[in-house]
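Colleague: sequence first, then the predicted structure:
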Amino acid sequence: MAVPTLSLLNQLEPAGLIQAFLRHPPQDFQIWLTEQESPAFSADFDLLTTIESKFRHRLMHLPLYRYWGKWLRPRTCFIGTTVSEYALLPSSVVPEQFVNDSRTKFAKHFPFLIIKDIPQDSPLLDTTTNHHCNALVQACKDKQFIIVEGQALAWVNINFKSIDDYLQRLSASRRKDIRRKLKRRPDLAIEAIASGSPCFFDTETLAHYYALYRQVYEQSDIHFDLLLPEFFAAILQDANNGGIIFTYRREDKLIGYNICFVVGDSLIDKYIGLSYPDARNYNLYFISWFHNLDYALQHGLTRYVAGWTDPEIKSYLGAQFTFTRHAVYIRNPLLRAVLGRLSYLFESDRQWREQNQS
C-alpha cells in the first residue's frame, strides 16, 4: 500500500515510517486508507487499555472475567495509526465533512469508531493546524462522538547550552540521582548508526533487534499493537527516512538500542529495544535519554519528541507534555449514554496530570 498522495496534517514522522506501517501492519490489524487518504485500521480493542492500572487489575480479577471479559474487546475501527504521534488528517477536507463521512462509512460496520490522537493545542504544530483539529473535535461532538482525553506526549525544548545547563533546571535531589545513574555511561560503548546501513541487511542482526523489542513489549502492561519483524526490517533498511539508531554495548554485547528519526529540526524518538537485566543494571533508560538530548543539542535540533509512554519517569527527567483527544462514536445509543458518563475512567494520563498538579 502506497503512502497517501494528499497533504496530511499533523505528520511529525518521516513518510517512510508511515509507509512501513501501511505495508507491514501490527499483528491482527487490518489497514486501509479512507476515501480522503487518511490511514485507518481495525483491531480487537480492549476497552480497559487506558483505564488506571489498579482499577483495571481489579476488574480483571472479578469472578468469571475470562468469560465475560471478551465483551470488553470489540472489533474497533480506528482512524489514525499506531506509529504517528497524531491522527493524520487530510488538509483538503473540512472537518465537518470528514467526520460525517467517517461516521457514515464505518459506524455501520463497527460497534466502536475512534478518531485517535487528535492534537490538543499542540506546541509541536502551527496555529492553523491546531485550529483545524479543534474544529474537528467540535464536529465530532456535533455528531454524538464522546471526547476522551488521550495520552501525554513528552517532549523537550532544546533551549539549553549543555546537559549541565539542562540539569540545573531540575531539583537538587533529581540532579544528584540522575548524575549517580549516569556514572555507568563510561562502561558502555555508544554508537549512532544511520538507517539503511549494511548491518541492517544481516538476518541475524535483524532477529536480535526484534528480540530486544519483544523484551520491552512483553514487560509492558499494555499489549495493543505488536509490531512484526517485517516492519522493523523496513524502517531499519530505509536509507531515506532520516533514521538514527543509537546502540548501547557492554563488552561487545548489545544490551539496548533506540530508533529515532531526524525530521526537520526535531529528533523523534520511536522505538527502544532492551536486554534485561543488563539494561536496568546499567541505567540504560536514563543514559539513552541524556544521550538523545545531547545528540539533538550537538546537531542544532530544537526539540526532542520522546513519545507517549511512562509520563511519570519522563516528567522526572524534565520533559514537558502535550495531550491529545480521542473522538469515540459508539453505535449502540444506550451504551453510548452509559460510557459517555464514565469517560473519565479511561483518561489515566489526565488523572496522572491532575494528581501531579495538586
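Modeller: Sure, I can see it.
Colleague: surely residue 248 forms part of a strand?
Modeller: Yes - judged by DSSP: H, G, I helix; E, B strand; the rest coil, residue 248 forms part of a strand.
Colleague: ok, the closest residue to it other than its chain neighbours - how many residues close by?
Modeller: Nearest residue to residue 248 in three dimensions, chain neighbours excluded: residue 256, at 4.4 Å (Cβ to Cβ, 6 or more residues apart in numbering). C-beta coordinates here come from the backbone N, C-alpha and C atoms, glycine included. Using other Cβ atoms under 10 Å, residue 256 has 26 other residues around it.
Colleague: what secondary structure does residue 256 sit in?
Modeller: Classification of residue 256 using three-state DSSP returns strand.
Colleague: give the other helices and strands that whatever helix or strand residue 326 lives in contacts.
Modeller: Here residue 326 is covered by strand 320-330, with elements defined by DSSP states H and E. For strand 320-330, the elements it packs on are strand 112-119, helix 127-142, strand 146-157, helix 311-316, helix 333-341, helix 348-357, judged by 3 or more Cβ pairs under 8 Å, 6 or more residues apart in numbering; DSSP states H and E.
Colleague: in contact with the residue nearest to residue 248, which residues?
Modeller: Residues near residue 256 by Cβ atoms under 8 Å, 6 or more residues apart in numbering: 212, 247-248, 272-275, 278-279, 284, 288.
Colleague: quick one: contacts for residue 244?
Modeller: Contacts of residue 244 (Cβ under 8 Å, 6+ apart): 192-195, 259-262, 267, 295.
Colleague: got the residues you listed as TSV, with neighbour count and pLDDT columns?
Modeller: Shown next, in TSV, are these (neighbours: other Cβ atoms under 10 Å; pLDDT from 0 to 100):
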residue	neighbour count	pLDDT
192	12	97
193	16	98
194	13	98
195	22	98
259	21	98
260	26	98
261	21	98
262	18	97
267	25	98
295	19	98
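Colleague: so which of those is the closest to residue 207?
Modeller: Set against residue 207, the nearest of the contacts of residue 244 by Cβ to Cβ is residue 259 (15.8 Å).
Colleague: okay, and the beta partners of the closest residue to residue 311 other than its chain neighbours?
Modeller: Excluding the flanking residues, the one nearest residue 311 by Cβ to Cβ, 6+ apart is residue 152, at 4.3 Å. In this entry, residue 152 is beta-bridged to residue 323, by DSSP bridges.
Colleague: so which of the helices and strands packed on strand 320-330 is nearest residue 181?
Modeller: helix 311-316 (11.1 Å).
Colleague: tell me the gap between the closest one and the middle of its chain.
Modeller: Mean-position distance between helix 311-316 and its chain equals 15 Å (Cα atoms, centre = their mean, to the nearest Å).
Colleague: list the buried ones in that helix?
Modeller: Under the neighbour-count criterion of 16 or more other Cβ atoms under 10 Å, helix 311-316 has 311, 314-315 buried.
Colleague: go on, stretch 16-25?
Modeller: Within stretch 16-25, the residues scored as buried using 16+ other Cβ under 10 Å are 16-22, 24-25.
Colleague: now the residue nearest to residue 311: how far from residue 271?
Modeller: 19 Å (Cβ to Cβ, to the nearest Å).
Colleague: between these two, which one's more packed in?
Modeller: Using other Cβ under 10 Å as the criterion, residue 152 and residue 271 rank with residue 152 on top: 24 against 21.
Colleague: okay, that one: pLDDT?
Modeller: pLDDT for residue 152: 86.
Colleague: can you check residue 62 too?
Modeller: Note on residue 62: pLDDT of 66.
Colleague: low-confidence ranges, this structure, go.
Modeller: For the chain, applying pLDDT under 70 flags the ranges 1-7, 47-72, 221-222, 338-358.
Colleague: which stretches in it count as helices?
Modeller: 15-23, 53-60, 65-68, 95-106, 127-142, 163-167, 172-182, 203-219, 229-237, 278-281, 284-298, 311-316, 333-341, 348-357 (DSSP state H).
Colleague: now the angle between helix 229-237 and the first one, please.
Modeller: This points to helix 15-23. Following axes from the mean of the first three to the mean of the last three Cα atoms, to 10 degrees, one obtains 160 degrees for the angle between helix 15-23 and helix 229-237.
Colleague: how about residues contacting helix 15-23?
Modeller: Contacts of helix 15-23 (Cβ under 8 Å, 6+ apart): 1-4, 11, 31, 33, 39, 81-84, 88, 230-231, 234-235, 238, 240-241, 261, 270.
Colleague: now these: which count as buried?
Modeller: 3-4, 11, 31, 33, 39, 81-84, 88, 231, 234-235, 238, 241, 261, 270.
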